[in-house]
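Colleague: Quick one, fold the following:
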Amino acid sequence: MITLIVNPIAGSGRSKKVANCISERLRGKNLPFRLWETKSPGGAAALAQKASASYAPGDFLLSVGGDGTFLEVLQGAFGSGLPIAAIPAGTGNDFLKSLKIPGDPLQALEHILNAGVRRIDIGVINGTLFANECGAGFDVAVLDYARPVKKYLRGLLPYLWGVLQAIFRYRCLPMEIEADGKPVFSGSCLVVSVANGRYIGGGIPISPAADLQSGKLELIVLRSCSRLRMIRYLPGLLSGKILRFQDTVVHCRADRVTVRPIGGIESLRVNIDGEIHPLSHCEFSLHPASQPLHM
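Modeller: Below is the predicted model of the structure:
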C-alpha cells in the first residue's frame with residue numbers, strides 16, 4: 001500500500017493538482033494507494049505516525065508537497081522502519097534535489113517506483129529532527145525577503161530576490177561555534193550552515209560536498225565581509241564553488257556542532273528545513289543511516 005500524504009496548500013496549491021496526477025497514474029498501474037490530506041500545521045506528521053503504526057512489507061509513504069511536508073512525514077515515521085519517498089510539489093524542493101529526484105512529478109513517481117530502498121542520515125537540532133539544512137544569519141534574511149514573492153514565483157527566483165535584498169540590508173551576527181567539542185570560529189558571521197543535504201533557497205548549493213550517507217554533518221561558516229565581496233562571491237555560491245573561498249569560509253565535517261550567539265545577543269533566528277525558529281543556542285547531532293528511503 002502506498003500512502004500519499006498531501007499538503008494541499010504547498011506550492012501555492014500546486015501540490016493538490018500534482019496529487020491528482022499521481023493518483024491517476026497509480027490507478028493506471030493498478031497499484032493500491034490511499035490519499036490523505038493534511039488539515040493543519042503538523043498534520044503530515046500525525047498522518048505519517050498513523051500509517052507507521054501498522055504496515056506490511058512493500059508499503060511506503062509518499063510525501064506530496066515541499067521540504068516542510070517531507071520533514072513532517074519524516075518526523076512522524078522516524079524510527080518505525082516504514083520507508084518514505086517524496087514527490088516535489090513545493091516552492092524550493094531543496095532536499096529532493098539532494099536525492100536527485102526528477103523535478104517533473106510523474107517522472108519522479110517512475111523514479112521512486114523503480115528505485116531501491118536505502119538508508120540515509122538524519123540530523124538533529126536541539127532534539128528535533130531535520131532532513132536537509134539548518135542555518136542562521138544571512139540565509140534567514142533571504143527567507144524573510146523571499147516569502148512575499150513565493151506566491152508569484154517558483155524555484156530559485158524568489159530566493160534570488162531574497163539574496164539581492166539581504167545583501168544590502170543584512171547585518172552580520174557574532175557567533176561562537178564548536179565542532180566535536182573544539183572551537184572552530186568566534187566572531188562576526190555572515191552565514192552558519194549545518195547541513196545533511198546540499199541545497200537551500202530553491203537550489204543554491206550551500207554545502208556542495210554534503211552526502212546523505214556520509215555519517216557526518218557538514219559545517220559551513222562564512223565570515224563577515226563587505227557587501228562588494230558578497231556580490232563578487234554570489235556567482236561562485238550559485239555554482240557550487242563556495243568551498244573555494246578559503247579566505248572567508250570555514251568548512252569541516254563533524255558528528256556534533258554547537259552554535260551560540262555572543263556579544264549580548266540572546267537568541268538566533270534559525271532556519272530548520274525552511275521554517276524559522278528562535279533559539280537561544282543550537283546543539284546539532286546526527287542519526288547515521290537511520291531512515292529507509294526510496295531513492
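Colleague: Spell out the residue ranges of the helices in this structure.
Modeller: 14-28, 43-52, 67-77, 94-98, 105-114, 138-146, 157-169, 227-238 (DSSP state H).
Colleague: Confirm for me that Arg256 is in contact with Asp180.
Modeller: Yes. Counting by CB atoms under 8 Å, Asp180 is a contact partner of Arg256 at 5.6 Å. To be clear about C-beta, it is placed using only N, CA and C from the backbone, and glycine gets the same treatment.
Colleague: mind giving me JSON lines with the helices of the chain and columns for mean neighbour count?
Modeller: As requested, the helices of the chain are exported to JSON lines (neighbours: other CB atoms under 10 Å):
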{"stretch": "helix 14-28", "mean neighbour count": "17"}
{"stretch": "helix 43-52", "mean neighbour count": "21"}
{"stretch": "helix 67-77", "mean neighbour count": "26"}
{"stretch": "helix 94-98", "mean neighbour count": "25"}
{"stretch": "helix 105-114", "mean neighbour count": "17"}
{"stretch": "helix 138-146", "mean neighbour count": "22"}
{"stretch": "helix 157-169", "mean neighbour count": "18"}
{"stretch": "helix 227-238", "mean neighbour count": "14"}
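Colleague: Nearest approach to His287 belongs to which of these?
Modeller: helix 67-77 (10.9 Å; CB to CB).
Colleague: Looking at strand pairing, list the partners for Ala254.
Modeller: Leu217 (DSSP bridges).
Colleague: From Gly68, how far out is it?
Modeller: Per CB to CB, to the nearest Å, Ala254 is found 26 Å from Gly68.
Colleague: just Asp273 next, same as before
Modeller: Counting by CB to CB, the gap from Asp273 to Gly68 is 7 Å.
Colleague: Same question for Asp255.
Modeller: From Asp255 to Gly68 the distance is 26 Å (CB to CB).
Colleague: Equivalent analysis for Ala195, please.
Modeller: For Ala195, the distance to Gly68 - CB to CB - is 17 Å.
Colleague: May I have the distance across stretch 237-244, first residue to last?
Modeller: Using CA to CA, to the nearest Å, one end of stretch 237-244 lies 10 Å from the other.
Colleague: What average pLDDT does it get?
Modeller: In this model, stretch 237-244 has a mean pLDDT of 87.
Colleague: who touches it?
Modeller: 204-206, 208-209, 220, 222, 233, 236, 249, 251 (CB atoms under 8 Å, 6 or more residues apart in numbering).
Colleague: Could you give the separation of that stretch from the chain centroid?
Modeller: Offset of stretch 237-244 from its chain centre (CA atoms, centre = their mean, to the nearest Å): 18 Å.
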